[in-house]
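K.L.:
My questions are about this predicted structure, shown below with the sequence.
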There are 2 protein chains.
Amino acid sequence: MSSTVLYMSMSLDGFVTGPNDGPTNGLGDGGEQLHEWIFQGTGDHPRDAVGGLGGVNRQVVDEFMTTGAVIAGRGTFEPAEGWGGDHHDGVPVFIFSRNPAPAWAAAWPTVRYTNDLDAAVREAKHAAGDKNVLVHGAGTIVRHALAAGLLDEIQIHLVPILLNDGRRLFEGGIDQRRLERIQVLEGEDGVTHIRYRVRR
Amino acid sequence: MSSTVLYMSMSLDGFVTGPNDGPTNGLGDGGEQLHEWIFQGTGDHPRDAVGGLGGVNRQVVDEFMTTGAVIAGRGTFEPAEGWGGDHHDGVPVFIFSRNPAPAWAAAWPTVRYTNDLDAAVREAKHAAGDKNVLVHGAGTIVRHALAAGLLDEIQIHLVPILLNDGRRLFEGGIDQRRLERIQVLEGEDGVTHIRYRVRR
């Protein structure tokens, strides 16, 4: 059974970017520190990172790089320059957006823009087979996915920094709910990987 | 050597109360879930909780109940009705506030209101001797304590709930900084106790 799993690096104060994030400053001021645990000087794409990584952090990256499909918010995908059109291994990438794909992204055969999250999850799970579906995003996509019952698990990479401002992973507009903690891993560099199952 | 340690229960989305918190709704709507890991049906004061607690959560409560002094924000102290004037064992309690103590709190010999956080930390550490100083608060006191270099450690009790709205532990207005993770404990009921040292 395929599960949708939100994988996000978050500062202790709840941010997934630093302040002043925008088209030319995708992670915001200081936000690159959120992903240092993945990128140990080996490149700027997750697929290049694994070689330089240590034990627990490598295990976590290895896991999310074996997902069978990707669903991402436009606000996460576009500042990351679409990961060059291939998150990993050419798996299908669904982008949740009200707008059509920009030309640079529309040219990639693996990428599809859609404003129908329900259909995207269904297609992504079908494409993933028995692998999981990696979800990347914050704010809007998290709110929609939770409200529609489309998110099965949340994997937080809790990074030991305070960013003060930026984009929050949880921006409000959701129902209160309990989560079920299913795993805690003490990663290197002070990153704590905590996994939750979303209760229905 | 005495350290100041911020002990706070926080939801995964960063809140220390639920929405609509106020004088008659101290923890906000749903906020009582933040402290269920402490209060296992044994009373409404931390000193009564220990008997009903299990392994890791009991260890954490035991630890913070052996601190030698307490510093709290007014916004945390007053909704908690001042813990009846005695947080535990009659240790001195310093309340960071611009306002004088209300009559009900001024009557307690162990409680002192002050707007001089630096002096409060100095006196609290002196009173605590070789024990630690427990800090309870959010927003303003956290901002002041971080800015003035008065906070040595942060102990987050990360509760597996989403509260959507309420008071945030970190409300902004702080400098970006890295923390040093020094302990992770998997508590019962899905609470993850993560301890950080604040770098200077």
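P.N.:
Right, received. Where do you want to start?
K.L.:
Which residues of chain A lie near chain B?
P.N.:
A:12-14, A:18, A:29-30, A:33, A:146, A:154, A:156, A:158, A:160-165, A:168-170, A:172-181, A:184, A:186, A:190, A:192, A:194, A:196 (C-beta under 8 Å from any C-beta of the partner chain). Glycine gets a C-beta too; all of them are placed from N, C-alpha and C.
K.L.:
Can you tell me which of the residues you listed are buried?
P.N.:
Buried members of the residues of chain A next to chain B, scored by 16 or more other C-beta atoms under 10 Å in any protein chain shown, are A:12-14, A:18, A:29-30, A:33, A:146, A:154, A:156, A:158, A:160-165, A:168-170, A:174, A:176, A:179, A:181, A:184, A:190, A:192, A:194, A:196.
K.L.:
The spatially most central residue of chain A - nearest residue in space that isn't next to it in sequence?
P.N.:
The residue lying closest to the centre of chain A (C-alpha atoms, centre = their mean) is residue A:136, at 2.2 Å. Distances taken as C-beta to C-beta, 6 or more residues apart in numbering or on different chains put residue A:72 closest to residue A:136, at 4.2 Å, once the chain neighbours are dropped.
K.L.:
Could I get the contacting residues of the one you found?
P.N.:
A:93-96, A:135-137, A:141 (C-beta atoms under 8 Å, 6 or more residues apart in numbering or on different chains).
K.L.:
what do you get if the cut-off is 6 Å, keeping everything else the same?
P.N.:
A:95, A:136-137 (C-beta atoms under 6 Å, 6 or more residues apart in numbering or on different chains).
K.L.:
tell me which helix or strand of chain A sits lowest on mean pLDDT?
P.N.:
Ranking every helix and strand in chain A by mean pLDDT, DSSP states H and E puts helix A:46-49 at the bottom, with a mean of 64.
K.L.:
remind me which residues of chain A are low pLDDT?
P.N.:
Along chain A, the parts satisfying pLDDT under 70 run over A:40-52.
K.L.:
if we can go back for a sec, would you mind measuring from the residue nearest to residue A:136 to chain B?
P.N.:
Distance, residue A:72 to chain B, by C-beta to the nearest C-beta, to the nearest Å: 20 Å.
K.L.:
Surely that residue is within a strand?
P.N.:
Yes - looking at residue A:72 with DSSP: H, G, I helix; E, B strand; the rest coil, it is inside a strand.
K.L.:
Please enumerate the strands of chain A.
P.N.:
Along chain A, counting by DSSP state E, strands occupy A:4-11, A:69-73, A:93-96, A:111-114, A:133-136, A:153-159, A:161-162, A:177-186, A:192-198.
K.L.:
The fourth one pairs with which strands, parallel or anti?
P.N.:
Strand pairing for strand A:111-114, using DSSP bridges, gives strand A:93-96 (parallel).
K.L.:
Same check on the second one?
P.N.:
Taking DSSP bridges as the criterion, strand A:69-73 pairs within the sheet with strand A:93-96 (parallel), strand A:133-136 (parallel).
K.L.:
which helix of chain A spans the most residues?
P.N.:
In terms of residue count, the longest helix belonging to chain A (DSSP state H) is helix A:117-128.
K.L.:
packing partners for that helix?
P.N.:
Applying 3 or more C-beta pairs under 6 Å, 6 or more residues apart in numbering or on different chains; DSSP states H and E, we find helix A:117-128 packed against strand A:69-73, strand A:93-96.
K.L.:
could those go into a markdown table alongside distance to residue A:106?
P.N.:
Putting the helices and strands packed on helix A:117-128 into a markdown table (distance: least, C-beta to C-beta, whole Å) gives the following:
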| stretch | distance to residue A:106 |
| --- | --- |
| strand A:69-73 | 15 |
| strand A:93-96 | 10 |
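K.L.:
do you know which of those lies nearest residue B:89?
P.N.:
Smallest distance to residue B:89 across these (C-beta to C-beta): 50.0 Å, for strand A:69-73.
K.L.:
that older thread, beta partners for the residue nearest to residue A:136?
P.N.:
Applying DSSP bridges, one finds that residue A:72 bridges with residue A:95, residue A:136.
K.L.:
can you pull the buried residues of stretch A:100-115?
P.N.:
Within stretch A:100-115, the residues that count as buried by 16+ other C-beta under 10 Å are A:101, A:105, A:110-114.
K.L.:
end to end, how far does that stretch reach?
P.N.:
9 Å (C-alpha to C-alpha, to the nearest Å).
K.L.:
Over to stretch A:17-36?
P.N.:
Counting by C-alpha to C-alpha, you get 13 Å between the two ends of stretch A:17-36.
K.L.:
before we move on, the earlier item: from residue A:6, how far out is the residue nearest to residue A:136?
P.N.:
10 Å (C-beta to C-beta, to the nearest Å).
K.L.:
And residue A:89, by the same measure?
P.N.:
20 Å.
K.L.:
quick one: which of the two has more around it?
P.N.:
residue A:6 (24 against 11; other C-beta atoms under 10 Å in any protein chain shown).
K.L.:
The more buried one reaches residue A:136, doesn't it?
P.N.:
No - look at residue A:6 against residue A:136 with C-beta atoms under 6 Å: they stay out of range, at 7.6 Å.
K.L.:
now, of the strands paired with strand A:69-73, which is deepest in the fold?
P.N.:
Among those, ranked by average contacts under mean count of other C-beta atoms under 10 Å in any protein chain shown, first place goes to strand A:133-136 (a mean of 27).
K.L.:
outside of it, which residues touch it?
P.N.:
Residues from elsewhere that reach strand A:133-136 (C-beta under 6 Å, 6+ apart): A:2, A:4, A:6-7, A:64, A:67, A:69-72, A:76, A:124-125.
K.L.:
Which of those residues ranks first by neighbour count?
P.N.:
Greatest neighbour count in these, by other C-beta under 10 Å, goes to residue A:71: 29 neighbours.
K.L.:
quick one: that one and residue A:94 touch, right?
P.N.:
Yes - the pair residue A:71 / residue A:94 is scored as a contact, 4.7 Å apart, by C-beta under 6 Å.
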